[in-house]
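Q: Fold the following for me, if possible:
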Amino acid sequence: MRSTPLRLLFAALSVAIVAGCSSGSPTRPCEGNTEYLTAVERPPLQLPPEITPTERMQPLAIPPVDPNPTVLDPAPRCLDQPPRYFARKGGTAADPAEEVVRAWNSAWAARQPDAVLRTYSSAFQAPGEAGSAAFLDQREQQVATGRAPDAKLEDVTVAAAGPDRRVVTFVQRFGDGALRKELTLVKEPAGWRIVSERTIEVL
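A: From the prediction side, this is the model:
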């Protein structure tokens, strides 16, 4: 119990010191901050001449941009050529017309009629006698409110019918049913577009 007065005295002194610091004038803050407030950035340390700096100690050097780059990275071309597990059968990239057909089906599966209609050419020739405008109006309703196909197409094949013309056949599955279809695409200034569509077989 004898230590109680000492504790009280220590607490009182602490309060007095803090109060003294806080009550000081703004131009004369508590002592001990002078060096901190006047600190400046120091120059980097100089290594002794007998020590050779390592690569990590060197400043970062950004190489200049090639004014005429031909590839993303000359070697080992890891950005220009995808890894093997991303490669398609035969190691060949997908035909751009095939990618458009897959995008057409994916937009249909996601019920995006505007995206589906954008894949058709202004020169699209619809099957039957109803006309292209009526066919596309019906397709828009099918995409928006009809039965949606599976997100992935099956048995896709691409045949070149000229340098700017492709015929893509595939199986489009709707739940338990499926249709084998054929889309013909031509290369236009805006990209590959569908110019004809027909159902080959009901599976």
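Q: What residues of whichever helix or strand residue 187 is part of count as buried?
A: Element membership for residue 187, per DSSP states H and E: strand 177-188. Judged by neighbour count (16 or more other C-beta atoms under 10 Å), strand 177-188 contains these buried residues: 178, 181-187. Where C-beta positions appear, they are placed from N, C-alpha and C, glycine not excepted.
Q: following it, which helix or strand shows up next?
A: Following strand 177-188 in sequence order, the next helix or strand is strand 191-202 (DSSP H and E).
Q: Helix, strand, or coil at residue 147?
A: Of the three states, residue 147 takes coil under DSSP: H, G, I helix; E, B strand; the rest coil.
Q: Repeat that for residue 144.
A: Per three-state DSSP, residue 144 ends up helix.
Q: Tell me how far the spatially closest residue to it that is not a sequence neighbour lies from residue 171.
A: The shortest distance from residue 144 to any residue other than its chain neighbours is 4.9 Å, reached at residue 113 (C-beta to C-beta, 6 or more residues apart in numbering). Separation of residue 113 from residue 171 (C-beta to C-beta, to the nearest Å): 22 Å.
Q: ok so, going back, the strand holding residue 187 - which strands sit beside it in the sheet, and in what orientation?
A: Here strand 177-188 has these sheet partners by DSSP bridges: strand 165-174 (antiparallel), strand 191-202 (antiparallel).
Q: Could I get the full set of helices for the protein?
A: Taking DSSP state H, the helices of the chain run over residues 3-22, 34-37, 96-109, 113-117, 132-145.
Q: ranking those by mean pLDDT, which is last?
A: Among the helices of the chain, helix 3-22 has the lowest mean pLDDT, at a mean of 56.
Q: shaky segments in this structure?
A: Applying pLDDT under 70 to the chain flags residues 1-42, 44, 53, 55-63, 65-93.
Q: Please repeat the previous calculation with a cut-off of 90.
A: Low-confidence segments of the chain, defined by pLDDT under 90: 1-95, 127-131, 162-163, 203.
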